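Enquirer: below are the sequence and a predicted model for it; my questions follow.
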Amino acid sequence: MSISSGIDIASGGIAAIESQLAVLSQNIANASTPGYSAETSSTENLTASGQPVGVQVEPAQLVTDQALQASVLTQNGAAASSHTTQAALSAVTAVQGAPGSGGDLSSLLGGVQSAFTTLANDPSNQTQQAAVVTAAGNLAAAINAQSQAYQAQRQSAQNAIVADVGTLNSTVATIGSLSQQIIGLQAQGQSTADLQNQRNAAIGTLSSLIGVKVLNQPDGGVTLLAGGDLSIPLNGTSPPFATQAATISAGASYPGGIPAITLNGQDVTGELSGGSLGANIALRDSTLPTYQGELDEFAAQLSNRFAAQGLTLFSDANGNVPALSTTSPIQSGYVGYAGEIQVNPAVSADPSLVRDGTQAVAGSPTGASAFTPNPPGGPAGFSTLISRVLDYAFGAQAQAGVPQAAIPTTGLGASGMLSAGFASPADLGDYASALVASQAAEAATASSQSTSDAAVQTSLQSSLSAVTGVNVDTELAKMTQLQNAYGANAQVIAAAKAMWTDLITAMTSA
């Protein structure tokens with residue numbers, strides 16, 4: 001081997017070491033970067049005609065574990081979804097009150113019943129008459145507040161959907177741009193490791209928005225599938241997803257009055273699941289409307305059962321009670337009524353009506369019996385209405401021997417497609433208890449699921465980091481090896497230089 005060949009080989013070795021040091025420096029600098037995968041570079045011995053000619057550095061590659069990475073992406077979506085659901089339902093239960101807390105529907109309904117029971121002992125007592133109205137007002141206000149909590153969370157979900165779609169589009173654009181660069185560099189035989197790390201980070205963001213599956217392509221590109229088989233385009237010239245901001249009323253539903261989420265103009269709302277976006281869609285279109293339907297039914301039944309006995313104690317602002325229906329959608333005439341219910345203005349103005357009654361009842365063999373209100377100047381101790389309310393408005397019978405009509409738990413909502421999370425109870429008290437308990441149980445389940453999903457997510461991310469992340473100790477050990485190799489190559493060059501100097505000196509002296 002000639003001296004010049006030795007110098008060339010040593011110089012090539014130093015260049016290779018410098019390239020490897022650059023990769024090592026990148027790893028150490030990103031040791032604490034979440035989701036960063038370590039990069040590795042390998043060398044290949046070069047020969048020509050059987051003679052050594054140095055070393056070649058291969059393009060840097062990522063340390064990967066595709067199966068584990070896919071599990072992390074799936075769990076990212078699950079954790080974001082359960083966290084979003086838990087946050088919304090926790091806000092609802094904070095307003096709703098725990099069962100038996102005194103501020104929940106069942107307790108407040110019991111307060112109205114207790115006030116009537118006290119009034120029954122002295123129907124002429126104006127203080128007790130006013131106490132009935134106050135207790136009824138407390139119940140109506142709680143129903144209003146609960147309805148407002150549902151609507152606030154639905155609106156929050158809608159606003160989050162609009163924001164998530166914007167983030168979804170920008171993230172997809174980033175993934176598409178990085179993929180094009182990766183494809184181009186891979187075709188040229190250059191390293192794409194840095195760009196792959198950036199793309200993986202963007203895919204991680206995407207996985208928290210929607211459930212996504214990643215299919216790696218031979219050319220370095222990726223195919224992204226949402227909702228199982230919904231392909232997300234990466235190379236479009238305009239944002240692929242679109243939706244619109246909207247103010248969500250109690251009666252708004254999807255499909256119908258709520259804007260759809262479209263992909264290149266096609267409605268894909270029902271195909272998007274997982275992640276924060278999928279959770280907000282479910283909250284807006286299913287979970288919270290169901291809760292609203294349950295509460296609307298309670299409010300409508302409460303108003304009607306009192307009115308059926310001759311006392312319109314609960315009504316809307318105009319003193320009207322919504323008509324119940326058995327034709328689907330059964331709540332079409334009173335969706336959102338829980339947000340409007342109040343103490344009948346006529347009763348608020350004249351609390352003695354809780355003793356005397358507000359209207360006559362004709363009577364029905366399948367409903368309440370006939371009733372005539374206490375006329376002006378009638379007996380101060382009139383107790384007929386109070387007894388009817390206590391025995392039948394609160395009870396499981398409309399009159400002696402005639403059961404109350406079952407309270408619907410299916411066919412709820414504006415579309416009539418929603419069902420309550422509990423069986424139809426016999427009376428108002430049982431319905432209120434079942435409603436609060438059912439919704440509280442769902443919130444508790446969501447909280448538990450969120451905690452569990454977060455723990456699994458952390459575990460999987462730790463496992464992935466252990467396999468693909470940067471081990472600083474290992475990198476420092478590599479650095480020592482590279483330093484030694486660098487020094488050895490430098491010595492080769494120094495020795496060759498000395499030999500050249502000696503040769504030139506000898507030739508000059510000759």
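Expert: Arrived safely, thanks for sending.
Enquirer: hmm, Ala414 and Ser253 touching each other?
Expert: Yes: Ser253 is within contact range of Ala414, at 4.6 Å (criterion: C-beta atoms under 8 Å). (C-beta placed from N, C-alpha, C; glycine too.)
Enquirer: shared neighbours of those two, anything?
Expert: In terms of C-beta atoms under 8 Å, 6 or more residues apart in numbering, Ser253 and Ala414 are both contacted by the residues Pro289.
Enquirer: list the residues that contact the nearest residue in space to Asp356 that is not next to it in sequence.
Expert: The shortest distance from Asp356 to any non-neighbouring residue, by C-beta to C-beta, 6 or more residues apart in numbering, is to Asn374 (3.8 Å). By C-beta under 8 Å, 6+ apart, Asn374 lies in contact with 355-357, 382, 384-385.
Enquirer: the lengthiest helix in the chain: how far from the chain's middle?
Expert: Ordering each helix of the chain by length in residues (DSSP state H) puts helix 126-187 first. With C-alpha atoms, centre = their mean, to the nearest Å as the basis, helix 126-187 stands 9 Å off its chain's centre.
Enquirer: how about stretch 251-266?
Expert: 18 Å.
Enquirer: just stretch 384-397 next, same as before
Expert: Relative to its parent chain, stretch 384-397 has a centroid offset of 44 Å by C-alpha atoms, centre = their mean.
Enquirer: strands of the stretch 151-300 of the chain, residue ranges please.
Expert: 212-216, 222-226, 230-232, 241-242, 262-263, 266-267 (DSSP state E, counting those that start in this stretch).
Enquirer: can you give me the helices for the stretch 401-510 of the chain?
Expert: Listed in chain order, the helices of the stretch 401-510 of the chain (DSSP state H, counting those that start in this stretch) span 428-468, 472-509.
Enquirer: mean pLDDT lowest where, among those?
Expert: By mean pLDDT, the lowest-scoring of the helices of the stretch 401-510 of the chain turns out to be helix 472-509, with a mean of 64.
Enquirer: which stretches of the protein have low pLDDT?
Expert: Where the chain drops to pLDDT under 70, the residues are 1-27, 29-32, 34-35, 37-63, 228, 468-500, 502-503, 510.
Enquirer: got the domain ranges for it?
Expert: 3-63+469-509, 69-456 (automatic domain parsing).
Enquirer: out of those, flag the one nearest Ser462.
Expert: domain 3-63+469-509 (9.1 Å; C-beta to C-beta).
Enquirer: so Leu108 versus Thr117, what's the distance?
Expert: The gap separating Leu108 from Thr117 is 15 Å, by C-beta to C-beta, to the nearest Å.
Enquirer: of the two, who's got more company?
Expert: Using other C-beta atoms under 10 Å as the criterion, Leu108 and Thr117 rank with Leu108 on top: 21 against 14.
Enquirer: and Gln75, what does it touch?
Expert: Contacts of Gln75 by C-beta under 8 Å, 6+ apart are 453, 456-457, 460.
Enquirer: likewise Leu206?
Expert: 168, 171-172, 175, 212, 224.
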